[in-house]
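In: sequence? don't have it. structure:
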């Protein structure tokens, strides 16, 4: 499912990050969703901040599978100039641990003359604002909410006499090439509702949960014959169980999808992580191969056009191929 959700303020955020990095940022804090650490890592941000010390914050660890969280922490801590910590941003103590990790990565910044300069980034709705409020002792200096896109402009926040924090709006990337990442981001609530098909997202989420956390689903929904159903049938069964019905005995699949997505986002289904480092690396490799094949087809089409006039049948075949690649 292609996800294309890059509002105007996200384009401005990209520019603001580029300019801020030129001003001497010491450490980049990237907020990740502990339930989807790979999918919520912004590849565009990785390009912009290459070479900078980084702290990866796996937020919402209280909703994530603890064993998989440990695997992701090991994955990120193995990267150069990188520290990774897991936390629940509603707690103040982990927020202090984050500041300590930032100081350790920039030990030369120890005075008011040369303050530690931090830049915090992340996808929409990942919990940046809640973390910032925790870092300043519970004061509400950043707006919070359950919808993506609450923060629209950059904010400069004084964390201590020798620490400055620059907060940026949540930012996705213009094209999400890893299909599974698109579904996971949509399931987590990082993407605006107008950019996705909630039924499709719920079906894909059920497929992942049925594969990795079947017991949690069975306990929550108590659907009989669960193991022999398709994912679409499972969504319909949940709708019937919850009374999401339309006239004529038809299941309201939209309502059923909302039930599944809301309960996943709220942690009602238990502690769940949708991906492992190994799985995500495989998805990235598959996406890279698909992109390479698409570029090769594009080159072939350009070569065919350069040969001169084509028959009507050839032109139609070229148009169909272009449309298929555009939808991919």
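Out: Arrived safely. What you see is a predicted model, and the numbers here were worked out from it, not measured in a lab.

In: and residue 109, what pLDDT?
Out: At residue 109, the model reports a pLDDT of 77.

In: who's in contact with it?
Out: 26, 103, 115-117, 162 (CB atoms under 8 Å, 6 or more residues apart in numbering). For glycine as for every other residue, the C-beta is placed from the backbone atoms N, C-alpha and C.

In: those residues in helices, which ones?
Out: Assigned to helices by DSSP state H, the following of those qualify: residue 103.

In: could you pull up phi and psi at the spatially closest residue to residue 281 that is not a sequence neighbour?
Out: Distance criterion CB to CB, 6 or more residues apart in numbering; nearest residue to residue 281, sequence neighbours excluded, is residue 38 at 7.9 Å. Main-chain torsions, residue 38, degrees, to the nearest 10: phi -70, psi -50.

In: okay, now residue 38: neighbour count?
Out: Neighbour count of residue 38, defined by other CB atoms under 10 Å: 23.

In: looking at it, it is touching residue 278, isn't it?
Out: No: the pair residue 38 and residue 278 fails to qualify as a contact (CB atoms under 8 Å) at a distance of 10.0 Å.

In: would you mind measuring from the closest residue to residue 26 other than its chain neighbours to residue 303?
Out: Nearest-residue entry for residue 26: residue 106, 4.0 Å, with adjacent residues in sequence omitted and distances by CB to CB, 6+ apart. According to CB to CB, to the nearest Å, residue 106 stands 51 Å off from residue 303.

In: and the helix or strand encompassing residue 219, average pLDDT?
Out: Assessed by DSSP states H and E, residue 219 sits inside helix 214-221. Mean pLDDT, helix 214-221: 93.

In: for residue 203, which non-adjacent residue is closest in space?
Out: Once flanking residues are discounted, residue 203 sits nearest to residue 231: 4.9 Å by CB to CB, 6+ apart.

In: secondary structure element holding residue 280?
Out: With DSSP H and E as the criterion, residue 280 is inside helix 277-306.

In: before we move on, what about residue 164?
Out: Going by DSSP H and E, residue 164 is in strand 163-167.
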